[in-house]
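Asker: Build me a model from this:
(2 chains)
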Protein chains: 2
Amino acid sequence: MRSQPFTYELPLSGGLPSVWDSHTTRRLSSMKGQYLDQAAYETMLAREDTLLYEVYEIKRPEAAGELLQGISFIHPGKVGDEYFMTKGHFHQILDTGEVYYCLSGQGLMVTETPEGDTQVLEFRPGRVLYVLPRWAHRSVNTSPTEDLVFYFVYPANAGHDYGTIEQKGFRKLVVERDGQPTVIDNPRWKPG
Amino acid sequence: MRSQPFTYELPLSGGLPSVWDSHTTRRLSSMKGQYLDQAAYETMLAREDTLLYEVYEIKRPEAAGELLQGISFIHPGKVGDEYFMTKGHFHQILDTGEVYYCLSGQGLMVTETPEGDTQVLEFRPGRVLYVLPRWAHRSVNTSPTEDLVFYFVYPANAGHDYGTIEQKGFRKLVVERDGQPTVIDNPRWKPG
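Answerer: Sure, this is the predicted structure:
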């Protein structure tokens, strides 16, 4: 890991960064149980383990004052009526926020607190989304054709708690209704 | 201060953000003793208290897991041969880093540790500069005509120590030599 200040290119139009330390790819198979239409999910998975999104990260030591940075590309597509989306997570250290800066594409960010407050924010190129500490967050690509691309920065000690969302789901889902992205209550959401 | 996740526009071309909580302006008079050519400084100041740079910040609580965000516009110009620049600072909590994302213009960032390591990074549109924890940093606009514009993110509890730099200066300065930005040792740098 770099021990001196450093730079890297991050195209303002939403292209690949010039360097990265990790490249994470999430495929359909890693989203088991997350999509509302389980039959559509199984049918789609039987055909191909589709690539849903990719994350490139610049690693830093997992210390409180360090900032972890990266860029995500969420590919366009749907499982049934539900758009391709990230797994979504709380931070393990709950009291840590996150900055997202949208570079390209369109989409929605679904957020919620452990207490049940929810809020949905809109991604647009040239817009910052600030996720407050304590809010779980999931990014959803609502474009039929384009990648949703954003830069993110968060405290390097934050950690990821994916388990809570994997078990309970988010309270809100984003589906297509009459050709439009629509936020609905998650009928499968499980308390506790 | 906002208690739910929020968004704001931050033009990728380097314009003003759509909202801010504070607008800081730094004029020549606030840089007393910082420029190498003191005579040029005094002459310029007698004529006009020129606006050197402006910072727009989105405030957050000064807590470890929060992220403070903002955008800086450093105007073009020189005091003698030395380019317009920010005051520069260490973070009060020394072990906190900072992300800079250059949106427009050109320039250099001068960095140094308390132990005397130095490094100079280059700003270019679409380039991220990561200032590691412990490194003081100052941004310098080397364009003769254009603003240097960058977005920044740092832990909201970091704080600013301007005093050390005000008293000792940076070990390196950026001046124009034969029409080119040139990094030189600061002949007035004071140890201890």
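Asker: can we go C-alpha only for contacts and neighbour counts from here?
Answerer: Will do.
Asker: ok, residue A:116 - how many residues close by?
Answerer: 12 (other CA atoms under 10 Å in any protein chain shown).
Asker: residue contacts, the nearest residue to residue A:159 once chain neighbours are set aside?
Answerer: Nearest residue to residue A:159 in three dimensions, chain neighbours excluded: residue A:92, at 4.8 Å (CA to CA, 6 or more residues apart in numbering or on different chains). Residue A:92 makes contacts with A:158-161, as judged by CA atoms under 8 Å, 6 or more residues apart in numbering or on different chains.
Asker: which of those count as buried?
Answerer: Buried residues within the contacts of residue A:92, counting neighbours by 16 or more other CA atoms under 10 Å in any protein chain shown: A:158-159, A:161.
Asker: between these, which is nearest residue B:30?
Answerer: residue A:158 (37.3 Å; CA to CA).
Asker: contacting residues for that closest one?
Answerer: Taking CA under 8 Å, 6+ apart, one finds A:62, A:64, A:91-94, A:96 in contact with residue A:158.
Asker: Residue A:24: which element?
Answerer: Here residue A:24 sits within strand A:22-27, counting by DSSP states H and E.
Asker: Where do the helices of chain A begin and end?
Answerer: A:38-47, A:163-168 (DSSP state H).
Asker: who's in contact with residue A:143?
Answerer: A:76-77, A:105-107.
Asker: Distance check, residue A:63 against residue B:64.
Answerer: According to CA to CA, to the nearest Å, residue A:63 stands 11 Å off from residue B:64.
Asker: Ignore what I typed, I meant residue A:130.
Answerer: 15 Å.
Asker: More neighbours: which of these two?
Answerer: Using other CA under 10 Å as the criterion, residue A:130 and residue B:64 rank with residue A:130 on top: 23 against 18.
Asker: Need the nearest residue in space to that one, chain neighbours excluded.
Answerer: Using CA to CA, 6+ apart, the nearest residue to residue A:130 is residue A:99, at 4.8 Å.
Asker: Export stretch A:128-138 to CSV, keeping only CA atoms.
Answerer: What follows is stretch A:128-138 as a C-alpha-only set of coordinates in CSV (Å, rounded to 0.1, in the frame of the first residue of the first chain):
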residue,chain,number,x,y,z
VAL,A,128,-23.3,14.1,-4.9
LEU,A,129,-25.2,11.7,-2.6
TYR,A,130,-24.3,11.8,1.0
VAL,A,131,-25.2,8.7,3.0
LEU,A,132,-25.4,9.7,6.7
PRO,A,133,-23.8,7.4,9.3
ARG,A,134,-26.3,4.6,10.4
TRP,A,135,-28.0,4.4,7.0
ALA,A,136,-27.8,1.2,5.0
HIS,A,137,-27.6,1.8,1.2
ARG,A,138,-28.1,0.1,-2.1
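Asker: where does chain A have its least confident helix or strand?
Answerer: One helix or strand of chain A scores below all others by mean pLDDT, DSSP states H and E: helix A:163-168, with a mean of 92.
Asker: Any buried residues in that helix, and which?
Answerer: The neighbour-count check on helix A:163-168 (16+ other CA under 10 Å) flags A:165-166 as buried.
Asker: so what secondary structure elements neighbour it?
Answerer: Contacting helix A:163-168 under the criterion 3 or more CA pairs under 8 Å, 6 or more residues apart in numbering or on different chains; DSSP states H and E is no other helix or strand.
Asker: How far away from the center of its chain is it?
Answerer: 15 Å (CA atoms, centre = their mean, to the nearest Å).
Asker: cool, stretch A:41-53 as well?
Answerer: 18 Å.
Asker: repeat for stretch A:132-141
Answerer: With CA atoms, centre = their mean, you get 7 Å for stretch A:132-141.
Asker: before we move on, what about stretch A:11-26?
Answerer: That offset, for stretch A:11-26, works out to 15 Å (CA atoms, centre = their mean).
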